[in-house]
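In: Predicted model and sequence follow; I will ask about them next.
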Amino acid sequence: MMNSFAKSEHARVSREIEVRFYAELNDFLPPEKRQRAFNYVFTGTPSVKDTIEAIGVPHTEIDVILVEDKSVDFGHLLKGGERVAVYPMFERYDVSPVTRLRPAPLRVTRFIADVHLGSLARYLRLLGFDTIWERDLSDEAIVQTAVDEKRIILTRDKGILKNGRVTHGYWLRATDPKLQLEEVIRAIDLADDVSPYTRCMECNGELESVKRSEVARSVPLQVFLVYRDFKRCTSCHRVYWRGSHLRRLDKIVERAKNATSAGKPAEEPCGRLRR
Ligand SMILES: [Zn+2]
């Protein structure tokens, strides 16, 4: 008798956690709770999933939950007093090692690269990632496009990421474009999403296969005679074939596919990996 009384009293005791939501998860919160840790009061021992949804964030938006810096699944029960951090799909790079709650990312990953990252942009396109880069885009234009089109900003300039409107950005540590490519793949965990030779390196347009006869006038005669398979950019109409220059690119593709989060940091010199 005493026991059950104590238990039900116990259930009514208010408990509190400190919780913080990251990146676009803040869109689901009232302004005063965005981009900061706040206290949340509850009773009983609810699951972390129910608690997060009670706060207003749909669990479908969430990739990683850390309780006291340890990753937990949705069923984890809260007791009060914990610090909880909740991350959306591609904030993964900050929260390793983690338990991922979903096997695949929810969204298509798109980028916009700042004016200094032209080579990286070309390499990302080579791997099939939709990447905007223009020589003379202002920081403001980059931010606006990123917000409008839900693109991740890639930059070596931390200043642009401090703009309050930026929700997704990645500050590159490496300076060599090939190492930058591996860094991005590793940081955002994209090795499985690589789809090489599907996008134009020059203009970001998608490539389509074309009949050999269609490119007869667009490529040099020697090329036409030697190669069978051609692709054409649907945007700028540049024609691609598997020439010797593509073998150099094959190496870049292979290295990117192998750039997993378990791999070496980006500082590793180029020639030393996978010999
Ligand atoms: Zn093109």
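Out: Received the coordinates, thanks. In this text, all values refer to a predicted model and were calculated from it rather than measured experimentally. Numbers count the residues shown, from 1 in each chain.

In: Could I get the contacting residues of the nearest residue to Cys233 once chain neighbours are set aside?
Out: In space, not counting the residues next to it along the chain, Cys233 is nearest to Cys200; the distance is 3.8 Å by C-beta to C-beta, 6 or more residues apart in numbering. Yep, even glycine has a C-beta here, placed from its N, CA and C like the rest. The neighbourhood of Cys200, defined by C-beta atoms under 8 Å, 6 or more residues apart in numbering, consists of 125, 206-207, 233, 235-236, 238, 240.

In: helices or strands up against the lengthiest strand in the chain?
Out: The strand spanning the most residues in the chain, taking DSSP state E as the definition, is strand 14-21. Packed against strand 14-21, as judged by 3 or more C-beta pairs under 8 Å, 6 or more residues apart in numbering; DSSP states H and E, are the following elements: strand 38-43, helix 48-55, strand 83-88.

In: please redo it, this time with the cut-off set to 10 Å
Out: With contacts taken as 3 or more C-beta pairs under 10 Å, 6 or more residues apart in numbering; DSSP states H and E, strand 14-21 sits against strand 38-43, helix 48-55, strand 62-67, strand 83-88.

In: For the second one, what is the distance to the chain centroid?
Out: In terms of C-alpha atoms, centre = their mean, to the nearest Å, the centre of helix 48-55 is set 24 Å apart from its chain centre.

In: contact partners of it?
Out: For helix 48-55, contacts defined as C-beta atoms under 10 Å, 6 or more residues apart in numbering pick out 17, 19, 21, 25, 28-30, 33, 38, 40, 42, 44, 46-47, 57-62, 65, 67, 72-78, 82, 84, 86, 101.

In: residues of that helix that come out buried?
Out: Within helix 48-55, the residues scored as buried using 16 or more other C-beta atoms under 10 Å are 48-53, 55.

In: Would you map the strands across the stretch 51-200 of the chain?
Out: With DSSP state E, counting those that start in this stretch as the definition, the stretch 51-200 of the chain shows strands at residue ranges 62-67, 70-72, 83-88, 111-113, 131-132, 152-155, 169-171.

In: Out of those, name the one with the poorest average pLDDT.
Out: Taking each of the strands of the stretch 51-200 of the chain in turn, the lowest mean pLDDT turns up on strand 169-171, with a mean of 79.

In: Each with direction, which strands does it pair with?
Out: In the sheet containing strand 169-171, its partner strands are strand 152-155 (parallel), by DSSP bridges.

In: So what touches the partner strand?
Out: With C-beta under 10 Å, 6+ apart, strand 152-155 has contacts from 90, 109-117, 120-121, 124, 129, 131-133, 139, 142-143, 145-147, 160-161, 163, 166-172, 180, 183-184, 188.

In: and those residues, which of them are in helices?
Out: Mapping the contacts of strand 152-155 onto helices (DSSP state H) picks out 120-121, 124, 139, 142-143, 145-147, 160-161, 180, 183-184.

In: what's near enough to touch the spatially closest residue to Arg15 that is not a sequence neighbour?
Out: If you skip the residues right next to it in sequence, Arg15 has Gly80 as its closest partner in space, 2.8 Å away by C-beta to C-beta, 6+ apart. Contacts were defined as C-beta under 10 Å, 6+ apart; by that measure Gly80 touches 13-17, 41-45.

In: can you map out the helices along the stretch 151-275 of the chain?
Out: Secondary structure of the stretch 151-275 of the chain (DSSP state H, counting those that start in this stretch): helices at 158-161, 177-187, 221-226, 244-257.

In: other SSEs contacting the first one?
Out: It refers to helix 158-161. Of the remaining helices and strands, those touching helix 158-161 by 3+ C-beta pairs under 10 Å, 6+ apart are helix 139-149, strand 152-155, strand 169-171.

In: Just name the most buried of these.
Out: strand 152-155 (a mean of 23; mean count of other C-beta atoms under 10 Å).

In: Out of the buried residues of helix 48-55, which one has the lowest pLDDT?
Out: Glu53 (89).

In: Let me have the ones in helices among the contacts of strand 152-155 in TSV, extended by distance to the ion and pLDDT.
Out: Converted to TSV, these look like this (distance: C-beta to the ion, whole Å; pLDDT from 0 to 100):
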residue	distance to the ion	pLDDT
Leu120	17	97
Ala121	13	98
Leu124	14	97
Asp139	25	93
Ile142	21	95
Val143	25	92
Thr145	18	94
Ala146	22	89
Val147	25	84
Ile160	26	83
Leu161	29	76
Gln180	22	95
Glu183	25	88
Val184	21	88
